[in-house]
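1. the following block contains a protein sequence and its predicted model.
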Amino acid sequence: MSDITNDLGAYNIYDLRKIALKRMPKFLFEFVDRGCEDEIALRNNRAALDRVKLHPRMLVDVATRSQETTLFGNKQSMPIAIAPTGAAGLMWYQGEIALARAAKAAGIPLALSTASITSMEKVAEHAGGRLWFQLYMWKERSMSHQLVKRAHAAGYEALIVTVDSVIHPNREYNKHNGYTRPFTFNRKNVTDVITHPGWLFNVLARYMLTTGMPRFENMPEEMKTNILRDKTLDKNQSLCWDDLKALRDMWPGKLMVKGILNAQDAVMAADCGADAVIVSNHGGRNLDSARATIDVLPEVVDAVGHRMTVMIDSGFRRGSDVVKALALGAKTVLIGRSTLYGTAVAGQEGAARAIDIFRDEIDRILVQVGCRSVSELNREHIRIEK
Ligand SMILES: Cc1cc2nc3c(=O)[nH]c(=O)nc-3n(C[C@H](O)[C@H](O)[C@H](O)COP(=O)(O)O)c2cc1C
């Protein structure tokens, strides 16, 4: 375990969150931490995970155990991957590189967001490891298709198409905080930044002194705007199954569809040739009345688990959460905010700490439920309380 975060007393993801809260300006912390509208989906993701109970077996020799899994034919040290998050580069100077290095060192994949601050080429060059690229489809499809070609050229092994975000979600706290495009400066948020000198000097000032105001570096050159400027590219609201088929034809690597909340859509994704679906409600950030992903998971696994890989995210904070999803048939769990909190606290070391926390907790739960490996987990290890 890393020393810095140990000194800070970060023994679980909630500890990392608390430290991140102190270090980051409020507008940024809330952007990462909160949900949308009344934050029902955010709370419900947790409540649903908490309702799922483990149903352990005793007197199993668990003295030797492994978290290793095989995903798309590649061995992975543990059953988690880092979810794509647009804000990683604002948690830390070149935070995406910090996260990718932590993922590589831990032997797990990292998904880089379309909206990253560090370009996909730079992340590949400076971190490497198993990289997945997450794609948003813009109104001008050809611009997104260019990104697909760049991701392939840069050696990304998989493409994630996010399908749950074709309209800007209703996140009123961002408006209250002035964290809009263009950024609205007000006394509150200027004071907010000034009173967080660690972030101001270690993150913002470092960008200003090197590459300038942080920009969305994956955007095509003519569209590259910095985080304060007025242009946000609209997503394509005509995104449909034909787009997925076209991307399937275009992308030679593994193709995943992220944001699936309906078993029928998972079947259609499989029919279009996708290799995996990610059951996700965007961490409760988009549709406040969405079902919790752990509730949807068994339906999706029953519908397509025999023909494609099923993954999940949204609300996972404990190793026990991961074990529950694996027992219900997910192959891997994507982790969003947990590793962002770690990155905000101590860059690569903080992200590594978050991953270590998950590894330790998963290991302990495997012992407690009587499993030597994650592949032994199945629905017999689960009971769901009404
Ligand atoms: C700050 C932030 C930015 C995100 N940006 C993206 C993104 O650019 N693309 C995407 O597909 N998902 C994005 N997500 C959603 C994550 O990929 C993931 O679905 C979610 O964070 C999982 O929930 P968790 O944070 O509770 O682990 C973002 C999430 C957060 C918290």
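-> Structure's in. What do you need?
2. what's the following helix or strand after the host helix or strand of residue 346?
-> Using DSSP states H and E, residue 346 maps to helix 337-369. Per DSSP H and E, helix 337-369 leads on to strand 382-384 as the next helix or strand towards the C-terminus.
3. pull out the buried positions in that next one.
-> residue 382 (16 or more other CB atoms under 10 Å). Every residue, glycine included, has its C-beta placed from N, CA and C.
4. what do you get for stretch 362-377?
-> 362, 363, 365, 366, 369, 370, 371, 374, 376, 377.
5. ok, now stretch 54-64?
-> Buried-residue list, stretch 54-64, by 16+ other CB under 10 Å: 54, 62.
6. how far does the helix holding residue 346 sit from the chain's center?
-> Here the centre of helix 337-369 is set off from its chain's centre by 14 Å, with CA atoms, centre = their mean, to the nearest Å.
7. over to stretch 210-217?
-> 22 Å.
8. how near is the residue of the stretch 201-350 of the chain found nearest the ligand to residue 374?
-> Relative to the ligand, the nearest point of the stretch 201-350 of the chain is residue 336 (2.1 Å; CB to the nearest ligand atom). Separation of residue 336 from residue 374 (CB to CB, to the nearest Å) stands at 20 Å.
9. returning to what we had before: the residue of the stretch 201-350 of the chain closest to the ligand against residue 80, yeah?
-> No. The criterion here is CB atoms under 8 Å, and residue 336 misses it with residue 80 at 10.9 Å.
10. of the two, who's got more company?
-> Taking other CB atoms under 10 Å, residue 336 and residue 80 do not tie; residue 80 has more neighbours (30 against 23).
11. is residue 222 in a helix, a strand, or coil?
-> At residue 222 the chain is in helix, as set by DSSP: H, G, I helix; E, B strand; the rest coil.
12. what's around it, how many residues?
-> Residue 222, neighbours per other CB under 10 Å, totals 6.
13. buried set for the helix holding residue 346?
-> Under 16+ other CB under 10 Å, the buried positions of helix 337-369 are 337-359, 361-363, 365-366, 369.
14. those helices in the stretch 51-200 of the chain, which residues are they?
-> 88-91, 95-106, 120-126, 141-153, 172-176, 187-194, 197-199 (DSSP state H, counting those that start in this stretch).
15. report the buried residues of the shortest one.
-> Spelled out, it's helix 197-199. So for helix 197-199, counting by 16+ other CB under 10 Å, buried means residue 199.
16. what's the mean pLDDT across the following helix or strand past that helix?
-> Using DSSP H and E, the helix or strand that follows helix 197-199 in sequence is helix 205-210. In this model, helix 205-210 carries a mean pLDDT of 96.
17. can you offset everything so residue one is 3?
-> In the new count, where the first residue is 3, that last one comes out as helix 207-212.
18. the following helix or strand past helix 207-212 packs against which elements?
-> Once the chain leaves helix 207-212, the next helix or strand it forms, by DSSP H and E, is helix 243-252. Secondary-structure packing of helix 243-252 (3 or more CB pairs under 8 Å, 6 or more residues apart in numbering; DSSP states H and E): helix 143-155, strand 160-164, strand 256-262.
19. just the buried residues of stretch 364-379 now: which is nearest residue 296?
-> Nearest to residue 296 out of the buried residues of stretch 364-379 is residue 379 (CB to CB; 14.1 Å).
20. return the distance of the closest one relative to the ligand.
-> 20 Å (CB to the nearest ligand atom, to the nearest Å).
21. residue 168 now?
-> 12 Å.
22. contacting residues for that residue?
-> Neighbouring residues of residue 168 by CB atoms under 8 Å, 6 or more residues apart in numbering: 139, 237, 238, 239, 241.
23. for residue 59, same thing?
-> Counting by CB under 8 Å, 6+ apart, residue 59 has contacts 371, 372, 383.
24. residues touching the first one, list them.
-> Applying CB under 8 Å, 6+ apart to residue 371 gives the contacts 56, 57, 58, 59, 325, 379, 383.
25. pull the most distant pair out of those.
-> 59 and 325 (13.3 Å).
26. quick check: residues of the chain near the ligand?
-> Counting by CB under 6 Å from any ligand atom, the chain comes close to the ligand at 33-34, 85-89, 115, 117, 136, 164, 260, 282, 284-285, 287, 315-318, 337-340.
27. nearest residue to residue 302 in space, please, no chain neighbours.
-> Leaving out its chain neighbours, the residue that sits closest to residue 302 by CB to CB, 6 or more residues apart in numbering is residue 268, at 4.7 Å.
28. returning to what we had before: for residue 89, see how far away the residue of the stretch 203-352 of the chain closest to the ligand is.
-> 10 Å.
29. stretch 72-89 spans what distance, first to last residue?
-> 29 Å (CA to CA, to the nearest Å).
30. any idea of the mean pLDDT in it?
-> Stretch 72-89 comes out at a mean pLDDT of 96.
31. wait, residue 231 touches residue 214, no?
-> No. Applying CB under 8 Å, one finds residue 231 not in contact with residue 214, separated by 11.7 Å.
32. between these two, who's got more neighbours?
-> Per other CB under 10 Å, whichever of residue 231 and residue 214 has more neighbours is residue 231, with 14 against 9.
33. what's the pLDDT at the more buried one?
-> Looking at residue 231, the pLDDT reads 72.
34. re earlier: nearest to the ligand among the buried residues of stretch 364-379?
-> Nearest member of the buried residues of stretch 364-379 to the ligand, counting by CB to the nearest ligand atom, is residue 364, at 15.2 Å.
35. quick one, what contacts the residue sitting furthest away from the middle of the chain?
-> Distance from the C-alpha centroid of the chain, by CA atoms, centre = their mean, peaks at residue 61 (36.3 Å). In this structure, residue 61 makes contact with residue 372, judged by CB under 8 Å, 6+ apart.
36. poorly predicted segments of the stretch 3-152 of the chain, please.
-> Applying pLDDT under 70 to the stretch 3-152 of the chain flags the ranges 3-7.
37. show me where it has strands.
-> Per DSSP state E, counting those that start in this stretch, the stretch 3-152 of the chain carries strands over the ranges 54-56, 71-73, 76-78, 82-84, 112-114, 133-137.
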